[in-house]
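Undergrad: sequence plus predicted model, see below.
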Amino acid sequence: MLCATFIDSKAMAWPPMATFKPLSTPNPHRLPSTVARDDEHLLVAAAKRGDAQAFEELVNRYEAKIFRLTMNITRNREDAEDAMQDAFLKSYSHLKDFQEDSRFYTWLVRIAANEALMRLRKRRPNQFSLDEPVQGDEDLMPRELEDWGPSPEQRFAQTEMHEILSEVIDNLEPDFRVVFVLRDVEELSTEETAKALGISIPAVKSRLLRARLKLRDRLNRYFRQGATN
Amino acid sequence: MNCKGVIREISDYIDGELGLSARQELERHLENCEECKMVVDQTKLTVEIFCDSKPIELPGDVKARLHDALRRKLQEKSN
């Protein structure tokens, strides 16, 4: 099917601007899967005292999410597994250094992101750099703009959605991808993301903007009204 | 604010980090520009979809290797 560009404002079912809520306000759709369970700090305290079961419970709780993070950054299963394993082992070894000024999960994400980045840099030494400045904003304008209809994601089964999200994120440049993953999937703050990656806040913002626009552009292929899979 | 300005500020806008006057200017533009309104709404939805995505279950072999390594580490520490 040819990708025709059309805009049908009457068919749009998006909420009017009066009801628009920024992502940082409480929003049931934004309720993070990373919401702290009340007992996280108790488990951390017990693990610090040497309770191995408490640490294993933390691992059980976060292993799938940390594997998703390391997969999203490395896009390589072997590297993702190594990075995840090392992240948990290092977090255990350094647990006494964890100051509890942030959530344990946020601290763990930073360790796992560093492990994953190290492996990504090793595998793609000339293709990945967070030090390069991003290009100007000439290419920011959306290429294709079409109506998605209401709740386009609900037209897909959960496994199909996983495949779609995996494919679109896989094709994102690594330096945009890591920022997007930390900021929007793991929900680190801009400051935490900058700290985890060792880059400035404007650099995080600039990469995040590009990542979000590129992902929107790519999801358009699946979500536009009448799109066939 | 023109369309290019809206696109440049879209991230800060959907995160609620835009200053009051810039936000009002952007929203005035959105009232009259269906294209920009569509980009804003779809970008916000894109972020929400990724944010809400559930991690897939950890493959059994990966989980087993992780817990083996962990047990070794815990044992090493207790000795």
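TA: Good, I have the coordinates.
Undergrad: tell me where chain A is predicted with low confidence.
TA: Along chain A, the parts satisfying pLDDT under 70 run over A:1-37, A:125-138, A:226-229.
Undergrad: report the central residue of it.
TA: A:Val181 (2.2 Å; CA atoms, centre = their mean).
Undergrad: ok, and the closest non-adjacent residue to it?
TA: Nearest non-adjacent residue to A:Val181, counting by CB to CB, 6 or more residues apart in numbering or on different chains: A:Asn72, 4.5 Å away. In this view, the C-beta of every residue, glycine as well, is placed from N, C-alpha and C.
Undergrad: need phi/psi at that neighbour.
TA: Main-chain dihedrals, A:Asn72, degrees, to the nearest 10: phi -60, psi -30.
Undergrad: please report the distance of it from A:Gln53.
TA: According to CB to CB, to the nearest Å, A:Asn72 stands 29 Å off from A:Gln53.
Undergrad: so the two - more neighbours on which side?
TA: The neighbour count for A:Asn72 versus A:Gln53, taken as other CB atoms under 10 Å in any protein chain shown, is higher for A:Asn72 (26 against 11).
Undergrad: assess the claim that the more buried one and A:Ile169 are in contact.
TA: Yes: counting by CB atoms under 8 Å, A:Asn72 does reach A:Ile169; the two are 6.2 Å apart.
Undergrad: residues that sit against both of the two, list them.
TA: Residues touching both A:Asn72 and A:Ile169 (CB atoms under 8 Å, 6 or more residues apart in numbering or on different chains): A:177, A:181.
Undergrad: centre of the chain versus the helix or strand encompassing A:Thr70, how much separation?
TA: Per DSSP states H and E: A:Thr70 is located in helix A:52-74. Distance of helix A:52-74 from the chain centroid (CA atoms, centre = their mean, to the nearest Å) equals 15 Å.
Undergrad: buried residues in it?
TA: A:52, A:54-59, A:61-74 (16 or more other CB atoms under 10 Å in any protein chain shown).
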